[in-house]
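> Sharing a sequence plus its predicted fold:
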Amino acid sequence: MKNETYKKLIVANWKMNPSSSKEAEELSGTVQREVRGLKNVEIVLCPPFPYLSVVGALAKGAQSCHWEQKGAYTGAVSPAMLKDMGCEYVIIGHSERKQYFGETDEIINKKVKAALKAGLKVVLCIGEDTRDSFDSKGHWTHELDPKLKEQIIGAFEGVKKSNIQNIVVAYEPVWAIGTGNPATPDDVLSAKIFIRKILSNLYDRKEADKVRVLYGGSTNKKNSAVFIKEGQADGLLVGGASLDSDEFVEMVKSIYENS
């Protein structure tokens, strides 16, 4: 019997796709029909801003936001606007926002606090650039990557203990995103333990254990269940594979069957 009290979270980041609202509506419609009845998984579609109103009930997430609720910020979208549109989640700190838009740890922290203030849940992306931190025995370890620790501490700066359960941490190593070379389940489990350890130091163990940890980076229908079952991820942040309805639905079903 499936555990209906604890749901795996599957977040679909469509990025700057598809190219028309008709395609967006068809994609979301197919996903919604095929996953109906899968009660122990929570699915959040994050389409581009213009498609939020056409994607339907699963369009509960946005890909970014500004750190102010309103004002003279041409081209920006505020957390308050997203909340008003019916969004429940917003992705913050994605590596592509850092790479192409110059988002720093300080900006990410401001966005996190603004989103929480507006009543949104945050999908916070963290991840190291290269897989090159090894211990004395030759095992790769997050403990030796100061950048990852800095990202976590920076993002949670000033966030109250009562609010950290509204943050989902998505471990997305930059070296795995779009490369076809995903992390291993051991990598994911190691990252989850590391993230929880840092949060325990910032807050306490009880509160840290409430923070769900997702994995993202070259996920597909063949490996998605492995990250849940062996890597003990609390869900996935899916990029390119979420644009193929058949592929994405298979991923969701495989996670449902292994939860």
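Nice, I can see it.

> Show me the strands in the stretch 51-200 of the chain, by range?
61-62, 89-92, 121-126, 167-171 (DSSP state E, counting those that start in this stretch).

> other SSEs contacting the shortest one?
Strand 61-62 makes packing contacts with strand 41-46, strand 89-92 when contacts are defined by 3 or more C-beta pairs under 8 Å, 6 or more residues apart in numbering; DSSP states H and E. Any C-beta I mention is one placed from the backbone N, CA and C, and that applies to glycine too.

> one more time with 10 Å
Helices and strands in packing contact with strand 61-62 are listed as strand 8-13, strand 41-46, helix 79-84, strand 89-92, strand 121-126; criterion 3 or more C-beta pairs under 10 Å, 6 or more residues apart in numbering; DSSP states H and E.

> Pull the residues that contact that strand.
In this structure, residues lying in contact with strand 61-62 by C-beta atoms under 10 Å, 6 or more residues apart in numbering are 11-14, 43-49, 52, 77, 79, 81-83, 85, 87-92, 115, 120-121, 123.

> partner strands of it, parallel or antiparallel?
Taking DSSP bridges as the criterion, strand 61-62 sits next to strand 89-92 (parallel) in its sheet.

> ok, back up a step: for the helices and strands packed on strand 61-62, could you give me JSON lines that also reports mean pLDDT?
JSON lines is the format used below for those (pLDDT from 0 to 100):
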{"stretch": "strand 8-13", "mean pLDDT": "97"}
{"stretch": "strand 41-46", "mean pLDDT": "96"}
{"stretch": "helix 79-84", "mean pLDDT": "97"}
{"stretch": "strand 89-92", "mean pLDDT": "98"}
{"stretch": "strand 121-126", "mean pLDDT": "98"}
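
> Could you dump these into JSON lines and include distance to Gly154 and mean neighbour count?
JSON lines is the format used below for the helices and strands packed on strand 61-62 (distance: least, C-beta to C-beta, whole Å; neighbours: other C-beta atoms under 10 Å):
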{"stretch": "strand 8-13", "distance to Gly154": "21", "mean neighbour count": "24"}
{"stretch": "strand 41-46", "distance to Gly154": "23", "mean neighbour count": "23"}
{"stretch": "helix 79-84", "distance to Gly154": "19", "mean neighbour count": "19"}
{"stretch": "strand 89-92", "distance to Gly154": "12", "mean neighbour count": "26"}
{"stretch": "strand 121-126", "distance to Gly154": "10", "mean neighbour count": "26"}
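
> Include distance to Tyr171 when you put these into TSV, please.
Converted to TSV, the helices and strands packed on strand 61-62 look like this (distance: least, C-beta to C-beta, whole Å):
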stretch	distance to Tyr171
strand 8-13	13
strand 41-46	17
helix 79-84	23
strand 89-92	13
strand 121-126	6
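
> Relative to Trp140, which of the ones you listed is closest?
strand 121-126 (16.4 Å; C-beta to C-beta).

> distance between that closest one and the chain's centre?
How far strand 121-126 lies from its chain's middle: 5 Å, per C-alpha atoms, centre = their mean, to the nearest Å.

> related to what we said a few turns ago, please render the strands of the stretch 51-200 of the chain as a markdown table that adds distance to Lys22 to the earlier fields.
Formatted as a markdown table, the strands of the stretch 51-200 of the chain follow (distance: least, C-beta to C-beta, whole Å):
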| stretch | distance to Lys22 |
| --- | --- |
| strand 61-62 | 21 |
| strand 89-92 | 24 |
| strand 121-126 | 27 |
| strand 167-171 | 29 |
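
> Out of the ones you listed, which is closest to Met251?
strand 167-171 (15.4 Å).

> pLDDT on the closest one, on average?
Regarding strand 167-171, the rounded mean pLDDT is 98.

> What pairs with that strand, parallel or antiparallel?
Counting by DSSP bridges, strand 167-171 is paired with strand 121-126 (parallel), strand 213-215 (parallel).

> Give the residue spans of the stretch 1-150 of the chain that score low on pLDDT.
Under the criterion pLDDT under 70, the flagged ranges of the stretch 1-150 of the chain are 1-6.

> quick one, helices of it?
Here the stretch 1-150 of the chain has its helices, by DSSP state H, counting those that start in this stretch, at 21-35, 52-55, 79-84, 95-101, 105-117, 146-156.
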